[in-house]
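J.: could you work out the structure for the sequence below:
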Amino acid sequence: MSTVIYTADNGTVTTIEGRPGDSIMETAVRNGVPGIVGECGGSLSCATCHVFVADDTFEMVGGPGDLEDEMLDGTAVDRQDHSRLSCQITLEDGCEYHVSTPSEQL
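T.: Numbers count the residues shown, from 1 in each chain. Purely as a prediction, here's the structure:
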């Protein structure tokens, strides 16, 4: 299993055990984590799963690809240096991921 620690804009922390191979977005939506909409279902066409990735997690998962980078320009809250779309981060077995959600997604 993998662990995803979501910190909401209001400071609420939610910890979810995720399945390797699933995305951070899929894990959030399946478990009702507030702050991640995932309107397009992970097809990289909506930017409603924008997250800010913690430094240690960013080192592990890296930066966005070209298409994701373009999509991040259309987020509801301005992107930051460690912004990613959570649908594009796939969980690996035994890893822990830390992400924060912006104040809004739409």
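J.: which residue, other than its chain neighbours, is closest to residue 76?
T.: In space, residue 76 comes closest to residue 104 once its chain neighbours are excluded; the distance is 4.8 Å by Cβ to Cβ, 6 or more residues apart in numbering. Backbone N, C-alpha and C define where each C-beta goes, glycine included.
J.: close enough to count as contact, that neighbour and residue 50?
T.: No: using Cβ atoms under 8 Å, residue 104 makes no contact with residue 50, being 9.5 Å away.
J.: list residues touching both of these two?
T.: 76, 77 (Cβ atoms under 8 Å, 6 or more residues apart in numbering).
J.: of those two, which one has the most company?
T.: More crowded of residue 104 and residue 50, by other Cβ atoms under 10 Å: residue 50, with 29 against 13.
J.: bridged to that one, which residues?
T.: residue 85 (DSSP bridges).
J.: thought residue 71 was touching residue 84?
T.: No: counting by Cβ under 8 Å, residue 71 sits too far from residue 84 to count as a contact (10.2 Å).
J.: tell me which of those two has more neighbours.
T.: Using other Cβ under 10 Å, the more surrounded residue of residue 71 and residue 84 is residue 84, with 25 against 22.
J.: for the more buried one, what are its contacts?
T.: Residue 84 makes contacts with 50, 51, 53, 58, 61, 63, 64, 68, 72, 99, as judged by Cβ under 8 Å, 6+ apart.
J.: could you rerun that using 6 Å?
T.: 51, 53, 64 (Cβ atoms under 6 Å, 6 or more residues apart in numbering).
J.: could you dump these to TSV with distance to residue 91 and pLDDT?
T.: Formatted as TSV, the contacts of residue 84 follow (distance: Cβ to Cβ, whole Å; pLDDT from 0 to 100):
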residue	distance to residue 91	pLDDT
51	13	98
53	13	98
64	17	98
